[in-house]
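Chemist: Return a 3D structure for these sequence lines:
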Amino acid sequence: MSRSLAAVLACAVLLATGARPLQAAEEAHAHWTVSTSDPKAQQLFDRGLSMLYAFDEGEARVIFAQAAARDPELAMAYWGMAEADTIDINRPSTLEGEQRGADAARKARAHLAHASAQERALVAAIGARYARGSEKQKFSRYAASMSAFTKAHQDEPNALVIAGFATYVAEDALLDGKDGMTPKAREILDDVDRALVLEPSNLGAHHLRLHLLEETRRAKDAIPDAEALSSYVYPPGESHLPHMSGHIWSRIGNYDRLAADNQLAVANDRAWFALGDGPGQQYMKYYHDHDVDFVLYGLTTMGRDADARAAAKEEDASMRTKLALRLHDDAEIVTIGSGAGAFARAIAAARSGNAATARTERDKLDKTDTVHRALVDAALARRAGEAAACAAAYAGAYAETKSSSPGDPKDYWAVPVGEGYAAALLAAGKPAQAETVFTAELVRFPNDPHLEWGLAEALLAQHKDDAAPRAAYKAHWKGTSDLTLDRLG
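Modeler: Residues are numbered from 1 along each chain as shown. Model (predicted):
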């Protein structure tokens, strides 16, 4: 797609979503000078690199293959095809990808006649990634090779970024158990920071830095990266980059930005899907619901329920189900039917007073799924007026989830565990305990008006000063009517 067409698309997206105007209409792009005399091959390589950084590995393979067809002696085009099947930290290995990557790495080694010394080293590193061995061995070899490369070559920002992604995938833990970064985590941070000194607009560096700082509980340090990824115009197929800023907005409690940037991502997805159903579109369907999930999370947290319903209207059953759960819309779950899943049907039945159906649906859940089973039990107890039993059921679910991925709407947001537990404690006449849980949850989910309202109510019940959380709630809540206790959880 031409840059002018991409800019027109971006303007249309802004008008459609009502998102804030971009401060700069600069189109996102990546660049890495490689050994080719063909400007078109270089352009294709750069486009493939952008897709690598946007985690659209399906389209990256297509574009790098086009670059190889244009210049068959461009070793880095085959390198890119191999890298496409390992850079996505969420899906770094598949059976098909391992075969594709190994084939591409072999082709890269066969076309080194015109490669630079650095390109030869990068091809050797990707070869180590796809040599025989266990998954752990492959990732570790690649990370070690790239780490050695970047220690000797600190002048190429994209190599520093690729090395960072390789190390991120290879490491089992990035925290040392004392909330400190491991040496390897610090190495990643040093590499991406160096990359951004060399190239402040490097998309891959901002993307990886967001993941690293979120994972190591330093979200505030990644605000500049979120701002950077939020500032660009993206061609279709690169939705994951504007989406990524939402990870930081969710951590710091900026729900307007969370929804707006992911509305841009959703619109980008739709424009991409409208262009066809090739490998790039098929791959990004894996991420589309995640973009929608963030939109719905942001909007419903603020109480913009009508906007959330509009956003979910054309989405699949899983997204409409999540919204219905969050809004306590039991009738919508019944309408969705089998597509809603056993858990949602159980919750809807329990909330509606159909205990027999709720238990039947709960029993369809895996016996090891103790959190979802406990949430159904809590809903049954709440409907039956058994406040103590409701709180007890929530307590079990909360014990399992209170320390997991704080602030990430991917997990249990549709039926928020901590929020529901605190509300159950308040309903059970335990406002002091409710205050403790609401306060802890606001650390995980800052500026959440559901939690702020609940905390104010818990303080009021104890004849304490509720002015601060009450004011925060009024500042953050955009709903058409005030919250009530039965809307929590």
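Chemist: any idea how far A128 is from F139?
Modeler: 10 Å (Cβ to Cβ, to the nearest Å). To be clear about C-beta, it is placed using only N, CA and C from the backbone, and glycine gets the same treatment.
Chemist: The two: who's more crowded?
Modeler: F139 (21 against 18; other Cβ atoms under 10 Å).
Chemist: per-residue confidence at that one?
Modeler: You'll see F139 listed with a pLDDT of 98.
Chemist: Spatially nearest residue to it (excluding sequence neighbours)?
Modeler: Spatial nearest neighbour of F139, excluding adjacent residues (Cβ to Cβ, 6 or more residues apart in numbering): A170 at 4.1 Å.
Chemist: Surely the one you found and S147 touch.
Modeler: No: the pair A170 and S147 fails to qualify as a contact (Cβ atoms under 8 Å) at a distance of 9.4 Å.
Chemist: buried set for stretch 212-226?
Modeler: Buried residues in stretch 212-226, counted by 16 or more other Cβ atoms under 10 Å: 212-216, 219, 222-223, 225-226.
Chemist: Quick one: end-to-end distance for it.
Modeler: 13 Å (Cα to Cα, to the nearest Å).
Chemist: what's next to it, contact-wise?
Modeler: Residues from elsewhere that reach stretch 212-226, judged by Cβ atoms under 8 Å, 6 or more residues apart in numbering: 164, 168, 174-175, 179, 181, 185, 188-189, 192, 206-207, 209-210, 244-245, 247-249, 251-252, 257, 406-407.
Chemist: can you tell me which residues contact the closest residue to V62 other than its chain neighbours?
Modeler: Closest residue to V62 apart from its sequence neighbours, by Cβ to Cβ, 6+ apart: P279 at 5.6 Å. P279 sits next to 58-59, 61-62 when contact means Cβ under 8 Å, 6+ apart.
Chemist: ok, now which ones touch R120?
Modeler: 75, 112.
Chemist: That one - that's part of a helix, no?
Modeler: Yes: applying DSSP: H, G, I helix; E, B strand; the rest coil, one finds R120 inside a helix.
Chemist: about what we covered before: closest to E156 out of the contacts of P279?
Modeler: Of all the contacts of P279, E156 sits closest to R61, with 22.5 Å by Cβ to Cβ.
Chemist: Now for the residue nearest to F139: which residues touch it?
Modeler: 136, 139-140, 142-143, 184.
Chemist: Go again with 6 Å.
Modeler: 139-140, 143 (Cβ atoms under 6 Å, 6 or more residues apart in numbering).
Chemist: And for N262?
Modeler: 243, 246, 291, 294-295.
Chemist: All the helices of the stretch 101-250 of the chain, in order from the start?
Modeler: 117-130, 135-152, 157-170, 183-198, 203-215, 223-230, 240-252 (DSSP state H, counting those that start in this stretch).
Chemist: do you know which of these lies nearest A358?
Modeler: helix 240-252 (30.4 Å).
Chemist: by how many degrees do that closest one and helix 223-230 diverge?
Modeler: Angle, helix 240-252 to helix 223-230, by axes from the mean of the first three to the mean of the last three Cα atoms, to 10 degrees: 140 degrees.
Chemist: what does helix 240-252 contact?
Modeler: 54-55, 207, 210, 214, 219, 222, 226, 229-230, 234, 257-258, 261-262, 264-265, 287, 291, 294, 407, 409.
Chemist: mind running it again at 7 Å?
Modeler: 28, 53-55, 203, 207, 210, 214, 219-220, 222-223, 226, 229-230, 234, 257-258, 261-262, 264-265, 268, 287, 291, 294, 407-409, 446 (Cβ atoms under 7 Å, 6 or more residues apart in numbering).
Chemist: Which of those fall in strands?
Modeler: If you go by DSSP state E, the contacts of helix 240-252 have nothing in strands.
Chemist: could you flag which of these are buried?
Modeler: 28, 53-55, 203, 207, 210, 214, 219, 222-223, 226, 229-230, 234, 257-258, 261-262, 264-265, 268, 287, 291, 294, 407-409, 446.
Chemist: residues contacting M284?
Modeler: 56, 237, 239, 269, 272.
Chemist: quick one: which of those residues is nearest to A68?
Modeler: Using Cβ to Cβ, the contacts of M284 come closest to A68 at D56, 18.0 Å.
Chemist: any idea how far the closest one lies from D85?
Modeler: On the measure of Cβ to Cβ, D56 and D85 end up 12 Å apart.
Chemist: In terms of pLDDT, where does I333 sit?
Modeler: 96.
Chemist: Tell me which helix or strand in the chain has the weakest average pLDDT.
Modeler: helix 3-17 (a mean of 37; mean pLDDT, DSSP states H and E).
Chemist: For stretch 448-465, give me every contacting residue.
Modeler: 253, 301-303, 419, 422-423, 426, 431-432, 434-435, 438-439, 441-442, 445, 466, 469-470, 472-473, 476-477, 483, 488.
Chemist: the helices in the stretch 251-400 of the chain, which residues?
Modeler: For the stretch 251-400 of the chain, helices defined by DSSP H, counting those that start in this stretch occupy the ranges 255-274, 279-302, 305-312, 317-326, 330-336, 341-352, 355-362, 370-383, 387-401.
Chemist: can you list those in a markdown table and add distance to Q462?
Modeler: Converted to a markdown table, the helices of the stretch 251-400 of the chain look like this (distance: least, Cβ to Cβ, whole Å):
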| stretch | distance to Q462 |
| --- | --- |
| helix 255-274 | 28 |
| helix 279-302 | 26 |
| helix 305-312 | 30 |
| helix 317-326 | 28 |
| helix 330-336 | 33 |
| helix 341-352 | 28 |
| helix 355-362 | 33 |
| helix 370-383 | 22 |
| helix 387-401 | 17 |
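Chemist: can you name the two of the contacts of N262 that are farthest apart?
Modeler: H243 and V295 (9.7 Å).
Chemist: Would you check how far apart A144 and A82 are?
Modeler: On the measure of Cβ to Cβ, A144 and A82 end up 17 Å apart.
Chemist: hmm, back to that, closest one of the contacts of P279 to R345?
Modeler: Nearest to R345, judged by Cβ to Cβ, of these is G58 at 33.7 Å.
Chemist: Quick one: residues contacting the residue nearest to E199 when sequence neighbours are not counted.
Modeler: In space, and not counting its chain neighbours, E199 is closest to P157: 4.2 Å by Cβ to Cβ, 6+ apart. Counting by Cβ under 7 Å, 6+ apart, P157 touches 195, 198-199, 202, 205.
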